[in-house]
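Participant: Would you be able to build a 3D model of this:
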Amino acid sequence: MSTFYVSVDVETAGPSPDRFAMLSIGAVAVDSMADTFYIELQPDRPDHDPQAMSVHGLSLERLAREGLPPSNAMQQFEEWVLGLARGRKPVFVAYNAPFDWMFVNVYFHRYLGRNPFGHGALDMKALYMGISVTEWPAIGHGDLARRYSVRPKLTHNALDDAMDQALMFRAMLDQAKQGALGG
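Facilitator: A predicted model of the protein is given here:
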């Protein structure tokens, strides 16, 4: 079965899905940058970390009124992913995938009882480390953004950041196929 890569970014109310809400999801089909997904969710947990909230600027009060219930949001996200996959295996891709993945995975299982991505995610930093033989501390988001000519700083809009990640990932794959990554 061939694969279908989806660049995903989330914004949250804090560092862990057991206590904090996922507030927005942005996703981009890596093979077709015109295929995008963005949704804002109603908070399902009251806790929030002031530092996390200051990063993205989303309002819990506004999202409580205007965001989608998480079950509807996750259903729409699943339908978008599977609709574009067309028989291919969807692969979740992110920079710092462990963070984004834990929220998306928990929410899919909490609200739908399943995850269309299965049981794993592809972390761009780990991929870059492996193919470039670069040490972990030397691979920051800014380093990759400069290397691949995308915005040097995250906007913390989930769709913008997912698009930048998709551009970096595509370039990374192209270079890996040419054997030209070298650190």
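Participant: just to confirm, which helix or strand has residue 114 in it?
Facilitator: Using DSSP states H and E, residue 114 sits within no helix or strand.
Participant: ok, the nearest residue to it once chain neighbours are set aside - contacts?
Facilitator: Counting by CB to CB, 6 or more residues apart in numbering, the nearest residue to residue 114 once its immediate chain neighbours are dropped is residue 108, at 6.4 Å. No exception for glycine: its C-beta is placed from N, CA and C like everyone else's. Listed by CB atoms under 8 Å, 6 or more residues apart in numbering, the contact set of residue 108 reads 74, 77, 78, 114, 115, 116, 117.
Participant: max-length helix in this protein?
Facilitator: helix 158-178 (DSSP state H).
Participant: returning to that earlier point: quick check, pLDDT for the residue nearest to residue 114.
Facilitator: Residue 108 is assigned 98 on the pLDDT scale.
Participant: Show me what the longest helix of the chain is packed against.
Facilitator: strand 3-12, strand 22-29, strand 32-40, strand 89-94, helix 124-132, helix 141-147 (3 or more CB pairs under 8 Å, 6 or more residues apart in numbering; DSSP states H and E).
Participant: Parallel or antiparallel, which strands does the second one pair with?
Facilitator: So that's strand 22-29. Looking at strand 22-29 with DSSP bridges, its paired strands and their directions are strand 3-12 (antiparallel), strand 32-40 (antiparallel).
Participant: just the angle between that strand and helix 158-178, please?
Facilitator: Computed with axes from the mean of the first three to the mean of the last three CA atoms, to 10 degrees, the direction of strand 22-29 lies at 40 degrees from that of helix 158-178.
Participant: hey, C-alpha coordinates of strand 22-29 in PDB?
Facilitator: Output of strand 22-29 as PDB, limited to C-alpha atoms (Å, rounded to 0.1, in the frame of the first residue of the first chain):
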ATOM      1  CA  MET A  22      -6.700  20.900  21.900                       C
ATOM      2  CA  LEU A  23      -7.900  24.200  20.400                       C
ATOM      3  CA  SER A  24      -7.100  24.100  16.700                       C
ATOM      4  CA  ILE A  25      -5.900  21.700  14.100                       C
ATOM      5  CA  GLY A  26      -4.200  22.600  10.800                       C
ATOM      6  CA  ALA A  27      -3.400  20.000   8.200                       C
ATOM      7  CA  VAL A  28      -2.000  19.900   4.700                       C
ATOM      8  CA  ALA A  29      -1.700  17.100   2.100                       C
END
